[in-house]
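Undergrad: next one to model:
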Amino acid sequence: MTIAAKVSSGELTAQVTNRFSGQYLEARLVNAPGTSYIPGTTDDPTFLGFEVAAGTAGYERQVIKYDPADVLAYSDDGVPLSRKATVFAHDGSGTVLNFSHVALVWSTGNALALGAVSTAPSAGVDGTYTNIPIDTTSGSGEGLTVDLTITNSGATTTDYAVTIVTPGRGYAASDVLTILDGTLAGLGAITGGAGNLAFTVATVNTAANADDLLAVAETTAPVALSSGNEAAFYWDLKQFGFYA
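TA: Numbers count the residues shown, from 1 in each chain. Below is the predicted model:
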């Protein structure tokens, strides 16, 4: 005779916390129309091989993080996580961004802290400049954006402070990151020709399960994103502790 069982709320909360708290995941667009993803049957690496090529119409993977506060109270036989959103924006070019699925994959190399500024422009304009992308890196990371605060008219390297906005993925500690003169001038942070801004990645998140597939959602029909439009996906993850 089969006997139904339920996992205690405390145990289930501990499992979800241990699995997700402090962890990063990345959403990837996959273009495999006509393919139905079946867990345990579909080969995950082959499926992920249909990911949209990086840079296509501005495509880049979107990273989310779960903090301890994102583990919510036990309800309806399960422990949910806070809703997370990932937004993919078309860059307005003439290239169409085609996809049929969105996949959630465990991430690694996410920047946790930055080192001090090592190279700075000769002068700057005091203020805070937000969500600045990195122009070049000595490694292979991508997606990191920062806020930059300039004080004392940017007289020395210590007058430039950078903080992480989005952690990106694929970075390594000691990677050198550069925001170019032209980018800074375009923001009004410096006068053109004052020089580049460079600093390092101090620490990164590392994950043994990097690139493992967590979940796949198939769109109701293949999507062709164009004309600067956006596609948003909202992730409502929940682990259930009921077996019947």
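
Undergrad: excluding chain neighbours, give the residue nearest to residue 150 in space.
TA: Spatial nearest neighbour of residue 150, excluding adjacent residues (C-beta to C-beta, 6 or more residues apart in numbering): residue 124 at 4.1 Å. C-beta coordinates here come from the backbone N, C-alpha and C atoms, glycine included.

Undergrad: go ahead and confirm the one you found touches residue 187.
TA: No. Residue 124 is not in contact with residue 187 according to C-beta atoms under 8 Å; the separation is 10.3 Å.

Undergrad: returning to that earlier point: doesn't the residue nearest to residue 150 lie inside a strand?
TA: No. Applying DSSP: H, G, I helix; E, B strand; the rest coil, one finds residue 124 to be coil, outside a strand.

Undergrad: for the longest helix belonging to the chain, the averaged confidence score.
TA: When the chain is parsed with DSSP state H, its longest helix is helix 9-20. Averaging pLDDT along helix 9-20 gives 97.

Undergrad: so what touches the helix or strand following that helix?
TA: As assigned by DSSP states H and E, the chain's next helix or strand after helix 9-20 is strand 23-30. With C-beta atoms under 8 Å, 6 or more residues apart in numbering as the test, strand 23-30 has contacts from 47-48, 50-52, 59, 61-66, 86, 88, 97, 99-108, 110, 167, 169, 205, 207, 214, 216, 231, 233, 235.

Undergrad: render the CA-only coordinates of strand 23-30 in PDB, please.
TA: Provided in PDB are the C-alpha atoms of strand 23-30 (Å, rounded to 0.1, in the frame of the first residue of the first chain):
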ATOM      1  CA  GLN A  23      23.300  31.700  -6.100                       C
ATOM      2  CA  TYR A  24      23.200  33.200  -9.600                       C
ATOM      3  CA  LEU A  25      21.300  32.000 -12.600                       C
ATOM      4  CA  GLU A  26      21.200  33.200 -16.200                       C
ATOM      5  CA  ALA A  27      18.400  33.300 -18.700                       C
ATOM      6  CA  ARG A  28      19.300  32.300 -22.200                       C
ATOM      7  CA  LEU A  29      17.200  32.500 -25.400                       C
ATOM      8  CA  VAL A  30      17.100  29.300 -27.500                       C
END
